[in-house]
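Engineer: any chance you could fold what I've pasted below:
(one chain, ligands or ions: 1)
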Amino acid sequence: MEGRSVAGAARLKVWIDQDLCTGDGLCTDHAPEVFRILEDGIAYCLEGTKVFNDPGGSAEMAVVPRASEGSVIASAAECPGECIFIEIEEDAEAPALAP
Ligand code: SF4
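Structural biologist: Below is the predicted model of the structure:
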């Protein structure tokens with residue numbers, strides 16, 4: 001089931017700069033549904049079953065499930081490579097909030 005919040009229209013997106021990743025796996029400990037270490041020993045983002053396995057920087061952004069937002073933010077805050085980047089995207093399809 002897609003978690004969708006009426007009160008919070010913005011969606012988090014995340015990407016990793018693989019050039020800076022140390023491969024320690026802290027992010028996969030926090031949010032294994034969003035991050036995965038691949039055969040090259042560094043971390044990549046997941047979006048459902050899709051793996052963003054091309055180290056293309058911000059071109060490889062995954063939408064973060066609502067339930068994973070806290071653990072993704074914690075991963076970015078604690079990432080020793082400082083290479084997890086979070087962007088906020090406004091959802092144009094979200095219903096307008098009542099005044
Ligand atoms: S926490 Fe950061 S440095 Fe560690 S594996 Fe994840 S992206 Fe790489």
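Engineer: please make it C-alpha for all contacts and neighbour counts, starting now.
Structural biologist: Fine.
Engineer: how about the residues of the protein by the ligand?
Structural biologist: By the rule CA under 6 Å from any ligand atom, the part of the chain lying against the ligand is 16, 21-27, 42-43, 79-81, 83-84.
Engineer: quick one, which of the residues you listed are buried?
Structural biologist: For the residues of the chain next to the ligand, a neighbour count by 16 or more other CA atoms under 10 Å gives the buried set as 16, 21-23, 25-27, 42-43, 79-81, 83-84.
Engineer: separation between residue 87 and residue 78?
Structural biologist: Using CA to CA, to the nearest Å, residue 87 is found at 17 Å from residue 78.
Engineer: correction: the previous question concerned residue 39.
Structural biologist: From residue 39 across to residue 78, the span is 23 Å (CA to CA).
Engineer: quick one: which of the two has more around it?
Structural biologist: residue 78 (14 against 7; other CA atoms under 10 Å).
Engineer: check contacts around that one.
Structural biologist: Applying CA atoms under 8 Å, 6 or more residues apart in numbering, we find residue 78 in contact with residue 26.
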